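Turn this into a model:
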Amino acid sequence: MSNSMRQAAIAAIVSTKHKLDHINFKDGHIKELFGQDVFSEPVQRERLPKPVFKALQKTIKQGATLDPAIADAVATAMKDWAIEKGATHFTHMFQPMTGLTAEKHDSFLQPSEPGQALLEFSGKELVRGEPDASSFPSGGIRATFEARGYTAWDPTSPAFIMENPNGATLVIPTAFVSWTGEALDKKTPLLRSMEALSKQALRIIKLFGNHDAKKVFTTVGPEQEYFLIDKNFYFGRLDLQATGRTLFGCPPPKGQEMEDQYFGAIPERVLAYMADVESQLFQLGVPIKTRHNEVAPSQYELAPIFEDSNLGTDHQMLTMELLRRTATKYGLVCLLHEKPFAGINGSGKHNNWSMSTDAGENLLDPGDTPEHNVQFLVFCTAVIRAVNKYAKLLRVSVASAANDHRLGANEAPPAIISIFLGDQLQEIVDHLADSGSAKSTKSRGFMDEIGVNVLPRLPKDAGDRNRTSPFAFTGNKFEFRAVGSSFSIAGANTVLNTIVAESIDVIATNLEKARAEGKDLTKAIGDLLPGLLKENRRVLFLGDNYTAEWHAEAEKRGLPNLRNTPEALPAILEKESIELFTKYKVYSERELNSRFTILCESYVKTVSIEGRCAVVMATTMILPAALRYQTEVAQSVQALTLAGVKAPARQTALLKKLTETIDSLQETTEKLDHAVNHEAKGSLLDHAKYARDHVVTALVEVRKHADALETMVADDLWPLPTYREMLFIK
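Here you go, the predicted structure:
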């Protein structure tokens with residue numbers, strides 16, 4: 001791609017008039033739009049026989065076993081509703097270990113008499129599907145020749161209609177398991193972990209006298225960060241197409257230094273895109289609440305209201321799909337990679353997590369006086385203990401080659417897992433651990449006078465927020481900030497649910513034993529919590545997680561610092577991990593081994609693709625441009641000499657520097673090519689370590705010289721769209 005093509009791309013961007021009024025909220029307000037394409041509870045109530053509706057709702061809301069007898073009635077009602085919405089096909093949507101969603105579409109059409117057909121959809125087709133399982137990552141659970149896998153209807157996540165330009169499809173969320181019953185997906189372990197936590201949490205709230213609650217849900221509200229660039233630039237970057245990130249590119253003259261992007265006015269084209277995405281999400285019942293500019297140029301965010309973890313995960317997958325798909329309507333490309341631009345803030349997915357009963361009681365809401373809210377203190381202590389004891393597993397849940405570029409940079413928390421509680425709660429925990437009583441000298445109150453009479457008196461929180469913490473308490477929830485922007489949130493929430501379930505189990509067992517011995521509940525809690533907090537408060541930290549001092553302090557405290565994915569992955573197979581997940585039936589040992597295999601393979605494949613792509617770009621794009629410029633400079637120097645004029649020292653120095661940098665680029669590219677094509681020996685983990693130590697290292701070296709050339713080669717010869725163009729021209 002020559003500079004003339006770059007200029008053509010810019011000209012196309014400037015001259016193209018995009019249609020920005022795809023959505024008209026005056027004709028269809030969001031109130032009417034919301035959930036209109038969802039087989040929701042009101043639709044079920046209207047279309048299902050009353051006994052069937054009640055049985056289905058009992059499964060959805062209380063976790064009761066699904067009665068197979070109702071499947072035909074539900075399938076018929078679902079089919080009729082979908083056909084009225086224009087659906088011609090149905091699909092079981094599942095979440096294989098690729099981190100994406102998968103689907104196979106089947107028509108409602110069933111031939112009957114010659115030349116005639118019926119529209120049918122049976123309970124059997126609703127409950128179970130059978131996609132080919134051989135080509136999805138299984139980590140050894142399925143051999144290539146063993147193709148059978150089953151999708152199982154998840155009634156707790158409602159079916160919906162996905163429209164396309166030529167019709168619509170009924171989409172049924174499902175789990176995905178092998179012929180032998182092992183989980184091949186991310187949804188099944190998540191559902192298991194939610195059941196495990198619900199079972200243990202109910203024990204605690206019953207001790208506090210709540211016998212009405214039938215289920216405890218974990219709830220999530222994942223914030224999604226993403227970049228938007230013009231498609232003309234995207235198609236000029238092989239690295240973005242192949243890897244999702246730029247493997248080359250020197251920093252622009254102006255990046256995010258002026259801090260003028262964050263919460264700034266949203267560009268008109270981007271705002272039109274956001275409104276379109278939101279309109280589609282509203283129709284699918286996804287409760288999107290917030291949109292804004294993020295810190296980096298061309299970076300944005302949207303965030304939903306809290307939902308049940310399973311439904312929230314499904315909705316998050318839909319959100320990523322619609323972000324990508326809708327961008328093309330506006331001539332844009334949505335980048336969900338954690339670090340698409342080096343030196344520019346990366347993208348995360350802050351996973352806001354809490355626990356609530358089926359009656360809507362938030363178990364992590366401290367109230368106005370958390371020191372007196374004993375039930376809250378019990379659940380909060382359980383979370384602190386879980387995060388401290390199983391920090392390695394939380395780190396594994398956010399491990400990937402892409403997220404390694406982000407964690408520890410100044411836009412993301414470090415790889416050290418710690419908890420920020422805020423000033424008030426930290427004080428209470430310290431008092432409780434040290435003296436056995438919960439005390440607080442801090443209250444929410446109001447801010448002191450601001451100095452402007454017309455401004456209202458502002459309520460003030462008892463503590464500030466800490467954006468550097470990987471796991472921060474933010475009022476009535478914990479925010480797990482280390483999750484990557486391209487991730488399914490299922491993995492992180494599966495781990496979080498399971499480790500907290502184990503801690504609640506320990507606390508409930510102790511309290512039940514004390515009650516059986518005749519102890520007062522308050523006394524039993526007062527005896528138990530201080531010891532647990534003393535044992536686990538090393539994980540609590542109020543300061544700046546980015547500083548070298550904290551890293552040294554964390555090491556003194558014995559907190560793990562797993563800096564990259566190959567360092568983190570072995571935690572999956574530790575004895576403590578296997579015992580944890582098998583005890584609560586979230587993963588079998590075989591399933592854990594499969595996840596370890598898949599994550600190792602994914603890391604190696606990701607890094608290898610990046611390495612091969614960089615070799616191609618360096619060899620066929622950057623090197624030829626640099627050699628052409630070298631020839632121009634050499635000819636200029638030679639022409640002066642032939643004319644009897646001594647070439648100025650700076651010009652000869654430029655030629656020398658250019659020649660040396662080109663030679664270094666060639667040398668490091670050869671090393672990268674060798675590293676990518678070298679057959680690593682040993683285990684899967686050894687392969688991952690080799691990729692980290694040799695391919696990633698070689699990539700960094702090639703980039704250093706390529707980026708240096710970008711600052712030297714004449715702009716009319718440089719072949720790649722630059723950072724200054726991609727990030728600032730729309």
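
Thought R237 was touching R245, still the case?
No - applying CB atoms under 8 Å, one finds R245 not in contact with R237, separated by 9.7 Å. C-beta: built from backbone N, CA, C; applies to glycine.

the more surrounded of these two?
R237 (24 against 21; other CB atoms under 10 Å).

so the more buried one touches T722, yeah?
No - in this structure, R237 is not within contact of T722 by CB under 8 Å, at 10.1 Å.

the helices in the stretch 301-450 of the chain, which residues?
Using DSSP state H, counting those that start in this stretch, the helices of the stretch 301-450 of the chain run over 309-327, 374-389, 391-396, 401-404, 423-435.

for the ones you listed, which one sits closest to I499?
I499 lies closest, by CB to CB, to one member of these: helix 374-389, at 4.0 Å.

mind saving the C-alpha coords of the closest one as CSV?
Provided in CSV are the C-alpha atoms of helix 374-389 (Å, rounded to 0.1, in the frame of the first residue of the first chain):
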residue,chain,number,x,y,z
VAL,A,374,-23.6,-8.1,60.3
GLN,A,375,-25.0,-10.0,57.3
PHE,A,376,-23.1,-7.7,54.9
LEU,A,377,-19.9,-8.2,57.0
VAL,A,378,-20.2,-11.9,56.7
PHE,A,379,-20.5,-11.9,53.0
CYS,A,380,-17.8,-9.3,52.6
THR,A,381,-15.4,-11.4,54.7
ALA,A,382,-16.2,-14.4,52.5
VAL,A,383,-15.2,-12.4,49.4
ILE,A,384,-12.0,-11.1,51.0
ARG,A,385,-11.0,-14.7,52.0
ALA,A,386,-11.8,-16.0,48.5
VAL,A,387,-9.8,-13.5,46.7
ASN,A,388,-6.8,-13.9,49.0
LYS,A,389,-6.8,-17.7,48.9
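
Pull out the buried residues from that helix.
375-389 (16 or more other CB atoms under 10 Å).

next one: stretch 208-220
Using 16+ other CB under 10 Å as the test for burial, stretch 208-220 gives A213, K215, V216, F217, T218, T219, V220.

re earlier: between the helices of the stretch 301-450 of the chain, which gets the lowest average pLDDT?
With a mean of 89, helix 423-435 has the lowest mean pLDDT of the helices of the stretch 301-450 of the chain.

Tell me which helix or strand comes right after that one.
Using DSSP states H and E, the helix or strand that directly follows helix 423-435 along the chain is strand 471-473.

Give me the sheet partners of the following helix or strand past that next one and which way each runs.
Following strand 471-473 in sequence order, the next helix or strand is strand 478-480 (DSSP H and E). Paired neighbours of strand 478-480 in the sheet (DSSP bridges): strand 351-357 (antiparallel), strand 471-473 (antiparallel).

Show residues contacting strand 478-480.
Applying CB atoms under 8 Å, 6 or more residues apart in numbering, the external contacts of strand 478-480 come out as 350-354, 364, 383, 394, 398, 419, 470-473, 492, 496.

before we move on, the earlier item: what do R237 and T722 both touch?
Common neighbours of R237 and T722, counting by CB under 8 Å, 6+ apart, are absent.

Could you pull up the residues touching E670?
Per CB under 8 Å, 6+ apart, neighbours of E670: none.

for L394, same thing?
Contact analysis of L394 by CB under 8 Å, 6+ apart lists V387, I417, F471, F480, A482, A492, V495, L496, I499.

got those as TSV, with distance to F306 columns?
Listed next are the contacts of L394 as TSV, based on distance: CB to CB, whole Å:
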residue	distance to F306
V387	20
I417	23
F471	17
F480	14
A482	19
A492	16
V495	19
L496	15
I499	20
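
And the furthest pair within those?
Distance extremes for the contacts of L394: the farthest pair is A482 and I499 at 14.7 Å, using CB to CB.

Any regions of the stretch 51-200 of the chain where pLDDT drops low?
112-113, 115-118, 143-147 (pLDDT under 70).

all helices for it, in order.
71-84, 123-127, 187-207.

mean confidence score for whichever helix or strand comes after the last one?
In this case it means helix 187-207. For helix 187-207, the succeeding helix or strand toward the C-terminus, using DSSP H and E, is strand 216-222. Mean per-residue pLDDT for strand 216-222: 95.

Just the angle for the helix or strand just after strand 216-222 relative to helix 309-327, thanks.
Following strand 216-222 in sequence order, the next helix or strand is strand 224-230 (DSSP H and E). Strand 224-230 runs at 10 degrees relative to helix 309-327, counting by axes from the mean of the first three to the mean of the last three CA atoms, to 10 degrees.

before we move on, back to that, which one of the contacts of L394 is nearest to K339?
If you rank the contacts of L394 by distance to K339 using CB to CB, A482 comes first, at 13.7 Å.

tell me the secondary structure for that closest one?
At A482 the chain is in coil, as set by DSSP: H, G, I helix; E, B strand; the rest coil.

pLDDT of the one helix or strand A675 maps to, averaged?
Here A675, judged by DSSP H and E, is contained in helix 649-677. Averaging pLDDT along helix 649-677 gives 96.

quick revisit: and the furthest pair within the contacts of strand 478-480?
Largest separation among the contacts of strand 478-480 by CB to CB: L364 and V398, giving 20.9 Å.

Neighbour count: the two, which is higher?
More crowded of L364 and V398, by other CB under 10 Å: V398, with 30 against 18.

and the nearest residue in space to that one that is not next to it in sequence, how many neighbours?
The spatially closest residue to V398, leaving aside those adjacent along the chain, is A482, at 4.4 Å (CB to CB, 6 or more residues apart in numbering). Around A482 there are 27 other residues, counting by other CB under 10 Å.

who touches A482 in this structure?
G348, L394, R395, V398, N403, L407, A412, P413, A415, I417, P470, F471.

How many residues are close by the third one?
Using other CB under 10 Å, R395 is surrounded by 25 other residues.

what's the answer for the last one, then?
Neighbour count for F471, taken as other CB under 10 Å: 25.

Surely it touches F420?
Yes - using CB under 8 Å, F471 is in contact with F420, at 7.2 Å.

E338 and R47, how far apart?
In this view, E338 and R47 are 43 Å apart by CB to CB, to the nearest Å.

Looking at the two, which is more packed in?
The neighbour comparison of E338 against R47 (other CB under 10 Å) goes to E338, with 29 against 17.
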